[in-house]
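Engineer: have a look; sequence and predicted model below, questions after that.
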Amino acid sequence: MGEKSTAKHIAVAGNIGSGKTTLTGLLSNHYKWEAHYEDADENPYLNDFYEDMQRWSFNLQIYFLNSRFNQVLQIRNGKKAVVQDRTIYEDAHIFAPNLHAMGLMTTRDFDNYSQLFGLMSSLIGPPDLLIYLRASVPTLVSQIQKRGREYENSIRLDYLRRLNERYEAWISEYTGGKLLIIDVDENKFIENPEHLGQVITKIDAELHGLF
């Protein structure tokens, strides 16, 4: 079966509702990887942000940047293989620029944020494998509604669409390392074990170089 993979940092990227957290858990179970989740419940800014985005956007993004940078340092310094729910790059390439473009973060704050991200990203490497969950807006909406988080009820379609456009632009230029794209409109790994099997086969191929 080829040599055992030496990959230590596997990251799952994708828009709100694409299934990142679910896939992170499923892969953690299958490969016995340690899972690092994005803990929405413990985020002290999230509820305030959804109430008043303009006031809290910079605070929220700095919180994410800090916690994600911390995660990556722990992964790099640890011994275990880790699968991470969302990446530091998504904050910097998708969420912060989108808030800036929507007039919800000032240029001064965005420049400050971008410089901090530039410094942080120069100190850490990209994941060994990035898994991108590509999903259309209807799929995202359906999955967001299923999980019923109260603060997500107010998310608008045009917001999800803008994020999707930024995700696609980022992924099309991503050169950090190995990249695997899963089309969530077609692959229903959340409810279909056979589809999860297809994802795992693709990950094995990426990690072990069995093309």
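Structural biologist: Perfect, thanks for sending it.

Engineer: tell me the mean pLDDT for the host helix or strand of Tyr167?
Structural biologist: Per DSSP states H and E: Tyr167 is located in helix 157-172. The average of the pLDDT scores along helix 157-172 is 95.

Engineer: can you give me the buried ones in the helix or strand that it is followed by?
Structural biologist: Sequence-wise, the next helix or strand downstream of helix 157-172 (DSSP H and E) is strand 178-183. By neighbour count with 16 or more other Cβ atoms under 10 Å, strand 178-183 contains the buried residues 178-180, 182. No exception for glycine: its C-beta is placed from N, CA and C like everyone else's.

Engineer: list the helices and strands strand 178-183 packs on?
Structural biologist: Judged by 3 or more Cβ pairs under 8 Å, 6 or more residues apart in numbering; DSSP states H and E, strand 178-183 is in contact with strand 129-134, helix 193-208.

Engineer: ok, 10 Å please
Structural biologist: Under the contact criterion of 3 or more Cβ pairs under 10 Å, 6 or more residues apart in numbering; DSSP states H and E, strand 178-183 touches strand 9-14, strand 129-134, helix 193-208.

Engineer: quick one, grab the pLDDT at the residue nearest to Ile62 when sequence neighbours are not counted.
Structural biologist: Leaving aside its chain neighbours, Ile62 sits nearest to Tyr113 (6.9 Å; criterion: Cβ to Cβ, 6 or more residues apart in numbering). pLDDT for Tyr113: 98.

Engineer: was I right about Tyr113 contacting Asn66?
Structural biologist: No. Assessed by Cβ atoms under 10 Å, Tyr113 is found out of contact with Asn66, at 11.3 Å.

Engineer: between those two, which is the more surrounded one?
Structural biologist: Each of Tyr113 and Asn66 has its neighbours counted (other Cβ atoms under 10 Å); Tyr113 has more, 22 against 12.

Engineer: now for the more buried one: which residues touch it?
Structural biologist: Tyr113 sits next to 57-58, 61-62, 65, 91-92, 96-97, 99-100, 105 when contact means Cβ atoms under 10 Å, 6 or more residues apart in numbering.

Engineer: same check on Asp85?
Structural biologist: Contacts of Asp85 were listed using Cβ under 10 Å, 6+ apart, and they are 11-14, 20-25, 28, 35-39, 71.

Engineer: just to revisit the earlier point, extract the CA atoms of the helix holding Tyr167 and return them as PDB.
Structural biologist: Output in PDB follows, covering the C-alpha atoms of helix 157-172 (Å, rounded to 0.1, in the frame of the first residue of the first chain):
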ATOM      1  CA  LEU A 157     -28.000  34.700   0.100                       C
ATOM      2  CA  ASP A 158     -25.900  37.500  -1.400                       C
ATOM      3  CA  TYR A 159     -23.500  37.200   1.600                       C
ATOM      4  CA  LEU A 160     -23.000  33.400   0.900                       C
ATOM      5  CA  ARG A 161     -22.700  34.100  -2.800                       C
ATOM      6  CA  ARG A 162     -19.900  36.700  -2.300                       C
ATOM      7  CA  LEU A 163     -18.100  34.400   0.000                       C
ATOM      8  CA  ASN A 164     -18.300  31.600  -2.600                       C
ATOM      9  CA  GLU A 165     -16.900  33.800  -5.300                       C
ATOM     10  CA  ARG A 166     -13.900  34.600  -3.000                       C
ATOM     11  CA  TYR A 167     -13.400  31.000  -2.100                       C
ATOM     12  CA  GLU A 168     -13.300  30.100  -5.800                       C
ATOM     13  CA  ALA A 169     -10.800  32.900  -6.500                       C
ATOM     14  CA  TRP A 170      -8.600  31.800  -3.600                       C
ATOM     15  CA  ILE A 171      -8.700  28.100  -4.500                       C
ATOM     16  CA  SER A 172      -7.900  28.800  -8.200                       C
END
